[in-house]
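1. how does the following fold in three dimensions:
(one chain, ligands or ions: 2)
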Amino acid sequence: MIYLSRKLYFSASNRYRVEDWSDEENRQVFGLRSNPNGYGQDYTLEVMVKGPLDERSGIVVNITDIDKVVKHLIQEEFDGKFLNYEHPYFAERIPTTENIAEYLWNALENQIEGCELHKIRLHENHYLLSEKGSDKMVQLSRKYHFCAAHRLHSDLLTDEENKQIFGKCNNPHGHGHNYYLDVTVSGRPDSVTGMVINLAELDEKVNRIVIDKFDHKNLNLDTEEFRNINPTSDIMVKVIWEMLETSLPGLYKIGLWETEKNYFEYLGPGR
Ligand SMILES: Nc1nc2c(c(=O)[nH]1)N=C([C@H](O)[C@H](O)COP(=O)(O)OP(=O)(O)OP(=O)(O)O)CN2
Ligand SMILES: [Zn+2]
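-> Numbers count the residues shown, from 1 in each chain. Ligands and ions are numbered 1, 2, ... in the order given. The predicted structure follows:
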């Protein structure tokens, strides 16, 4: 099976508002997104398909065939629209990233000839995306940032072995990174709010439990978590999972960008 993906862009306005709630309740749950006049987003949509290679052409499906179907849908129903007013599906539901991703999955499944839809990934901005695959769950991923220093050094290795394995990263005075942390939660969008998890709740928990502890710290010297553990990113994704799992039901994945070139992820025990 070969997997391929196509990116498309569109912009749309939306507002997050439950009509049965007061303005104050809407503001409390949705924050600035509850603006009754709406606000705008530039969305990036990734359509991922899969299928066997056609031996004669050497392709699974022509990208132009994906484009025809997806562009038609986007141009007719999404691009340049105020979704709450101009899209019948979102007259009934809040156009959250999760609800839009689910709608796009349902609208595109079985529509592209010669391949199978694998996943829809919808980026609302650089810090927020939602994904939908063939099961009934929807994932929401939020990106966080922290700066920290560390020294890669294992007490289970000799100084010589540490120097040999970790090289410049074993520098006794440490070195620093601009880490980007991706936290993914999986669930069904709530039938009223359209959310897998409220972003305000997710932000509060991740900031309090992880970011506030690690940001502008020396991981080896200033944090309990890494006082006796080598702070490699391989270990950090597992430690961060364990810090968050009891407070975040539906936690699905921890991704950590140590540098722009080094990315690590953990999906929980046994996965
Ligand atoms: N499996 C791991 N390997 C490495 C980790 C890690 O956490 N897990 N970390 C490091 C260092 O922390 C290092 O700072 C990053 O190393 P590296 O990518 O080699 O350094 P640069 O960004 O400077 O890239 P170069 O192109 O290699 O100079 C190392 N390994
Ligand atoms: Zn490092």
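
2. tell me the secondary structure at Phe30.
-> Secondary structure state of Phe30, per DSSP: H, G, I helix; E, B strand; the rest coil, is helix.

3. from Ala91, how far off is it?
-> 17 Å (Cβ to Cβ, to the nearest Å). In this view, the C-beta of every residue, glycine as well, is placed from N, C-alpha and C.

4. the more surrounded of the two?
-> Comparing Phe30 with Ala91 by neighbour count (other Cβ atoms under 10 Å), the higher total belongs to Phe30, at 22 against 11.

5. that one against Asn14, yeah?
-> No. With contact defined as Cβ atoms under 8 Å, Phe30 does not reach Asn14; the gap is 10.8 Å.

6. now the helices for the stretch 101-250 of the chain?
-> 159-166, 199-206, 212-214, 219-222, 233-244 (DSSP state H, counting those that start in this stretch).

7. quick one: contacts for Lys136?
-> Going by Cβ atoms under 8 Å, 6 or more residues apart in numbering, Lys136 touches Arg188.

8. near ligand 1, which residues of the stretch 101-250 of the chain are found?
-> Leu152, Cys169, His175, Thr232, Ser233, Asp234 (Cβ under 6 Å from any ligand atom).

9. mind doing that once more with 8 Å?
-> Contact residues (Cβ under 8 Å from any ligand atom) of the stretch 101-250 of the chain with ligand 1: 150, 152, 166-169, 175, 177, 231-236.

10. what about whatever residue of the stretch 51-200 of the chain ends up closest to ligand 1, how many neighbours?
-> For the stretch 51-200 of the chain and ligand 1, the shortest gap (Cβ to the nearest ligand atom) falls at Cys169, measuring 3.8 Å. A count of neighbours around Cys169, defined by other Cβ under 10 Å, yields 14.

11. just the pLDDT at the spatially closest residue to it that is not a sequence neighbour, thanks.
-> Of all residues not flanking Cys169 in the chain, Leu152 sits nearest, at 4.1 Å (Cβ to Cβ, 6 or more residues apart in numbering). With respect to pLDDT, Leu152 scores 98.
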